[in-house]
Each structure stands twice: as structure tokens, then as C-alpha cells.
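S.K.: What shape does this take:
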Amino acid sequence: MTDYVQVSTATPAREQAVSLVQGAVKARLAAGAQIIGPVTSVFWHLGEFGEDEEWRLLLTTTRERYPELERYLLNAHPWDNPEVIATPITGAARCLEWIKGSVDPTSS
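M.R.: Down below sits the predicted model:
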């Protein structure tokens with residue numbers, strides 16, 4: 001795994017997505033985030049097939065800060081069992097430096 005990850009989850013409403021990413025970025029758990037939507041989601045849940053409209057969240061962080069970001073997302077999320085997935089990423093050195101500096105809790 002690289003030292004950087006992109007974390008994805010989804011919410012049922014735009015306002016919930018904005019609230020989640022604002023909390024994560026303000027707490028320096030994520031360097032930044034994008035909210036995409038609405039998107040159509042097709043899934044199995046609790047043994048039933050479903051389709052619904054959701055708002056997709058993409059957050060960037062370091063592997064080191066990921067456990068805290070995951071904990072925050074699971075605790076603050078409107079769903080009881082949200083999908084939270086971390087995908088290793090690579091990128092331009094300046095971008096990765098920005099991510100690292102942005103999630104440093106000692107940064108001002």
C-alpha cells in the first residue's frame with residue numbers, strides 16, 4: 001500500500017455529504033474532498049435488491065491518518081453500516097506533499 005489513500009463513501013442527501021466532508025477536512029483527517037452527485041446506486045442490502053440516488057464522497061488522506069478518518073466517517077455517517085473504502089493512490093510529488101501537510105494535526 002502507498003502512503004496515500006482516496007476514501008470513498010456515499011450519503012442519501014447532499015447536505016449530509018457536505019457536513020461529513022467539512023468535518024473531516026476541518027479536523028485534518030482529509031486534505032480535501034469532492035462531492036459528486038446525485039448518482040444512481042444499485043445494490044444488495046439486508047438481503048434485498050435496491051436502487052437509489054446517492055451523493056458520492058471522495059476524500060484524500062494519508063495511510064497514517066486513515067484509521068481516524070474511517071472512525072469519524074463511521075461515527076458521523078447517517079447510515080448504520082456505510083460503505084467506506086480506501087484505495088491506495090500515487091500522484092505528483094507536490095500533490096502528495098500537500099495531502100501530507102494538510103492532514104498533519106500540528107499544522108496551523
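S.K.: show me where this protein has helices.
M.R.: 14-26, 66-76, 93-102 (DSSP state H).
S.K.: Any chance of JSON lines for those, columns mean neighbour count, distance to Val42 and mean pLDDT?
M.R.: C-beta: built from backbone N, CA, C; applies to glycine. Formatted as JSON lines, those follow (neighbours: other CB atoms under 10 Å; distance: least, CB to CB, whole Å; pLDDT from 0 to 100):
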{"stretch": "helix 14-26", "mean neighbour count": "17", "distance to Val42": "19", "mean pLDDT": "98"}
{"stretch": "helix 66-76", "mean neighbour count": "16", "distance to Val42": "22", "mean pLDDT": "98"}
{"stretch": "helix 93-102", "mean neighbour count": "14", "distance to Val42": "31", "mean pLDDT": "96"}
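S.K.: any chance of those helices in a markdown table, with distance to Gly50 too?
M.R.: Below are these laid out as a markdown table (distance: least, CB to CB, whole Å):
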| stretch | distance to Gly50 |
| --- | --- |
| helix 14-26 | 18 |
| helix 66-76 | 21 |
| helix 93-102 | 34 |
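S.K.: pLDDT score for Asp104?
M.R.: pLDDT, Asp104: 94.
S.K.: Revised request: answer the last question for Met1.
M.R.: Looking at Met1, its pLDDT is 54.
S.K.: so which of the helices of the chain comes closest to Leu58?
M.R.: Nearest of the helices of the chain to Leu58, taken as CB to CB: helix 14-26 at 9.0 Å.
S.K.: quick check: angle from the closest one to helix 66-76?
M.R.: 150 degrees (axes from the mean of the first three to the mean of the last three CA atoms, to 10 degrees).
S.K.: gap between Gly50 and Thr40?
M.R.: The gap separating Gly50 from Thr40 is 11 Å, by CB to CB, to the nearest Å.
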